[in-house]
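Undergrad: Sequence first, then the predicted structure:
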Amino acid sequence: MKISEYVGFDAVGLAELVARGEVTPAELEATAREAAEAVNPRINALVETWPTDDEPTPGGAPLAGVPFLIKDIGVTMAGRRMELGSRLAAGNVAAADSALMRRFRRAGLVTFGRTTTPEMAYSNTTEPVLYGETRNPWNPALSAGGSSGGAGAAVAAGVVPIAHATDAAGSIRIPAAYNGLFGLKPTRGRVSWGPEFDEMFNGLAVHGSVSRTVRDSAVLLDQIRGAEPGDPYVAREPARPYAREVTRDPGSLRIGVLGQAWGGRRTTAPVADALSRTVRLLESLGHRVEEVEVDLGVEWEELVLASARQWTANLAASIDELATAFGRPVDSSTLEPPVLASYHYGQRVSGAQFVTALALRNRVARSLARHFTTHDILLTPTVPELPVPLGTHAEGAARLDGLGWLRRLFDIAPFTAVFNVAGTPAMSVPVTAEPGTGLPIGMQFAADHGLEDLLFRLAGQLEQASPWADRTPAVWAGDGAARPCPGGRVRRTSGGPTARE
């Protein structure tokens, strides 16, 4: 299969070709590798690729034969490296598949490589020392977001139609917004972290994906959802497969709009204009939309402080474990300045402070739940500005302590983390783009606990009403040949050297 044909299909479309015998999994894998070789030198989204030994039966699983990439953190594949984007864990080889990896295999996915992450996934840009900065396919001078920046850049550039991602404060949704993709953060407990972990960052982190079409994310979540024995959190099962929700009418929804973030961070004009266009689109679809104020039950600085204590205490424990396992020092030779500062901050967090931070998490969750008694959906920008230039996060970072670093991350992306704190589902949808540059602008939609089905229905409606499949970036594996369509068909186009709509 030619790259020009390959990039014209989403994951479901590719699996259908395999099921009909029109292409083999080996042919798809070879094409995906060719796509990676074409674009990765310009975006640095993949750490490595490897020969695969998966031999999925055509039609035997919903995504049988589809090329796939896993993030360099949170999921282990037997015999393959997982280095967490850090020199501290460099060379780490997994002994066994994690539960999630086994589910990826059962879904029929052919995993042939891993994508970049910032060190310890502890940033919302992907610029680790270990393997260098990941660049945005729409403009390589800009950040691809984080912490799933490698996944976002690889999918946006056409290497694979969908990739694994994780999210502890926006790490699925921020790269989705920066790279013009769909990204849904599931409910806490929807996807297991077992068996190595019972939870990650006290339930803040979840597994998911970024994809070019809504249905791909829905189908994959159907394949990986569900608890493992011993999981501390279990989300209630949906009434029907998420894949079926994408084409269902969401009805007339009550949607609250929060245009300005908690904490005083102002939304920039291009993003505010995009939010206004999104509101008009929603109203044209029959939804009832109104501006709202959303009380978190705590002051913003209280949330930032509690989050810093919770995050850094978890980080410090993980770093100590890694240092012991690999016999390496915890210093500037193994950790970057923000992570090292956060490690030292976490060492000083007391048990009482940590428990108080967890209690604050409960207050936020209860307050958000009250909002969802009057509105079905909360709409915000995913991030308050267009993708930031590479190096923005690093400016003055060496002078920050653990609290200062977290405050910077929350300032750059103030809309996303509260839904990790509450454990509720939220998605970034590439509804529109900045007219002058063509840069994608993501809108975040959040729902009450366990209501991914409602989000998928709304996302499917938005995808039909305001399609984004025709928008492709400057760095695009299929440049000059084809663009992806949700239905798996190929649209022939003429290419160009810049981001375009």
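TA: It's in.
Undergrad: buried stuff in stretch 312-319?
TA: Of all the residues in stretch 312-319, those buried under the rule 16 or more other Cβ atoms under 10 Å are 312, 313, 314, 315, 316, 318, 319. Any C-beta I mention is one placed from the backbone N, CA and C, and that applies to glycine too.
Undergrad: For residue 402, see how far away the third one is.
TA: In this structure, residue 314 and residue 402 are 12 Å apart, going by Cβ to Cβ, to the nearest Å.
Undergrad: Which pLDDT does the model give residue 195?
TA: pLDDT for residue 195: 88.
Undergrad: hang on, I meant residue 486
TA: At residue 486, pLDDT is 41.
Undergrad: ok, now residue 55?
TA: Confidence score, pLDDT, at residue 55: 89.
Undergrad: How about residue 499?
TA: We have a pLDDT of 37 for residue 499.
Undergrad: Please apply the same query to residue 176.
TA: Residue 176 carries a pLDDT score of 99 in this model.
Undergrad: Doesn't it lie inside a strand?
TA: No. Using DSSP: H, G, I helix; E, B strand; the rest coil, the assignment for residue 176 is helix, not a strand.
Undergrad: can you pull the contacts of it?
TA: Neighbouring residues of residue 176 by Cβ atoms under 8 Å, 6 or more residues apart in numbering: 145, 152, 182, 183, 210, 382, 428, 430, 442.
Undergrad: rerun that using 10 Å as the cut-off
TA: By Cβ atoms under 10 Å, 6 or more residues apart in numbering, residue 176 lies in contact with 145, 148, 151-152, 155-156, 165, 167, 170, 182-185, 208-211, 217, 382, 427-430, 440, 442, 444.
Undergrad: How about residue 134?
TA: By Cβ under 10 Å, 6+ apart, the contact set of residue 134 is 40, 43-47, 115-118, 125-128, 140, 143-146, 149-154, 175, 390.
Undergrad: Out of those, which sit inside helices?
TA: Per DSSP state H, helices hold the following members of the contacts of residue 134: 40, 43, 149, 150, 151, 152, 153, 154, 175.
Undergrad: neighbours around the fourth one, how many?
TA: Going back to what we said before, that points to residue 150. For residue 150, the neighbour count with other Cβ atoms under 10 Å is 34.
Undergrad: In this model residue 171 seems to touch it, though I could be wrong.
TA: No. If you go by Cβ atoms under 10 Å, residue 150 and residue 171 don't touch, sitting 11.1 Å apart.
Undergrad: what do these two both touch?
TA: Shared contacts of residue 150 and residue 171, counting by Cβ under 10 Å, 6+ apart, come down to 71, 117, 118, 126, 165.
Undergrad: ok, of those, which one's closest to residue 59?
TA: residue 165 (26.7 Å; Cβ to Cβ).
Undergrad: Let me know the secondary structure of that closest one.
TA: Quick answer, by three-state DSSP: residue 165 is strand.
Undergrad: how about it, what does it touch?
TA: 69-71, 74, 115, 117, 147-152, 155, 171-173, 175-176, 181, 183-185, 206-211, 217.
Undergrad: pLDDT score assigned to the most centrally placed residue in the chain?
TA: Central residue of the chain (Cα atoms, centre = their mean): residue 172, 1.4 Å from the mean position. The model reports residue 172 with a pLDDT of 98.
Undergrad: Relative to residue 146, how far out is it?
TA: 10 Å.
Undergrad: Quickly list what's touching both of those two.
TA: residue 152.
Undergrad: List the residues that contact the nearest residue in space to residue 433 that is not next to it in sequence.
TA: Spatial nearest neighbour of residue 433, excluding adjacent residues (Cβ to Cβ, 6 or more residues apart in numbering): residue 440 at 5.1 Å. By Cβ under 10 Å, 6+ apart, the contact set of residue 440 is 136, 138, 156, 176-181, 274, 382, 386-387, 428, 430-434, 468, 471, 473, 499, 501.
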